[in-house]
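>>> Need a 3D model of the sequence below.
(one chain, ligands or ions: 1)
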Amino acid sequence: MVLEKGLRERLKRLTRPFHREVETAFYPARLLSGALTAPQYRDYLQTLHSVHVAWENSWASFSEWSLLGIPRIEQRFRASHAREDLSILGASPLVTSVAWSPSTFAHAIGSAYVLEGSTLGGAILGKKIPQIFEGKPEAACVNYFAGRGESAVPLWAEFCGLLDRVDQERPDLVPSIISGACMAFLSMEKELDVDKTGSISM
Ligand code: HEM
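Numbering: from 1, shown residues only. I've put the predicted structure just below:
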């Protein structure tokens, strides 16, 4: 008998093509290649801030996190990290509307998988920022991408524990969690894939 893989493995495998797409979206790709300009970095942070505010507000509306081993979901919120970086730049933390937000607990978990997992690649991107913007105020704006520091890996491990508990205790949520993660990746790609004039490419 072939054992069904756990939710974490399924999410990773099923969303791999979406991850490849989001890695090559305008802002992340330019940050990774070192081609991001200072105004583009400000716009990138403002976009991330809007997404985090919308999705984190949704996460906060669900009380079930603690039943699955995450007693304080607010500890994972990173909108404030983007705000710290924007305040270094003297830029306002715009809250623009985002195309998609999770509206069920299952979609909240799927979107949390995407933003929590993004802290892993964020550590790589965070190292790029002081290199690209050496001598400029932007060089100090690493709170969003590298703000978790050494706690990034243990926090990710704890989140994977939640996914294991879903397998054990709420298997009914699994299909919607997977669809929520796919929706989250697609909408993040849409937000981050802008051209130089700032319009979203479809
Ligand atoms: C150029 C940009 C990016 C790079 C270089 C990058 C790189 C990485 C790396 C190295 C990992 C760890 C893979 C592993 O340990 O197996 C990872 C995981 C992940 N990243 Fe990214 N990433 C980028 C952008 C993003 C974005 C924008 C998102 C979503 C908003 C994202 C979501 C995820 C998720 C959900 C995981 C966890 C996958 C899993 O192990 O289940 N990444 N990324």
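>>> going forward, measure contacts and count neighbours with C-alpha atoms only.
Noted.
>>> Tell me the residues of the chain that contact the ligand?
Residues of the chain lying near the ligand by CA under 6 Å from any ligand atom: 8, 12, 19, 22-23, 28-29, 32, 113-115, 117-118, 120-121, 188.
>>> which residues of this structure fall in helices?
Secondary structure of the chain (DSSP state H): helices at 7-23, 26-33, 38-60, 79-88, 105-132, 143-146, 152-169, 174-192.
>>> Take these and write them to CSV, including mean pLDDT.
Formatted as CSV, those follow (pLDDT from 0 to 100):
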stretch, mean pLDDT
helix 7-23, 97
helix 26-33, 97
helix 38-60, 98
helix 79-88, 98
helix 105-132, 96
helix 143-146, 96
helix 152-169, 95
helix 174-192, 97
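>>> Adding distance to residue 99, write these out as TSV.
What follows is these, written out as TSV (distance: least, CA to CA, whole Å):
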stretch	distance to residue 99
helix 7-23	16
helix 26-33	17
helix 38-60	9
helix 79-88	17
helix 105-132	13
helix 143-146	22
helix 152-169	25
helix 174-192	7
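>>> want to try TSV for the ones you listed, with mean neighbour count as columns?
Shown next, in TSV, are the helices of the chain (neighbours: other CA atoms under 10 Å):
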stretch	mean neighbour count
helix 7-23	16
helix 26-33	19
helix 38-60	20
helix 79-88	20
helix 105-132	20
helix 143-146	22
helix 152-169	17
helix 174-192	22
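>>> Of the ones you listed, which is nearest residue 68?
Among those, the nearest to residue 68 by CA to CA is helix 152-169 (5.5 Å).
>>> Please work out the angle formed by the directions of that closest one and helix 105-132.
Counting by axes from the mean of the first three to the mean of the last three CA atoms, to 10 degrees, helix 152-169 points 170 degrees away from the direction of helix 105-132.
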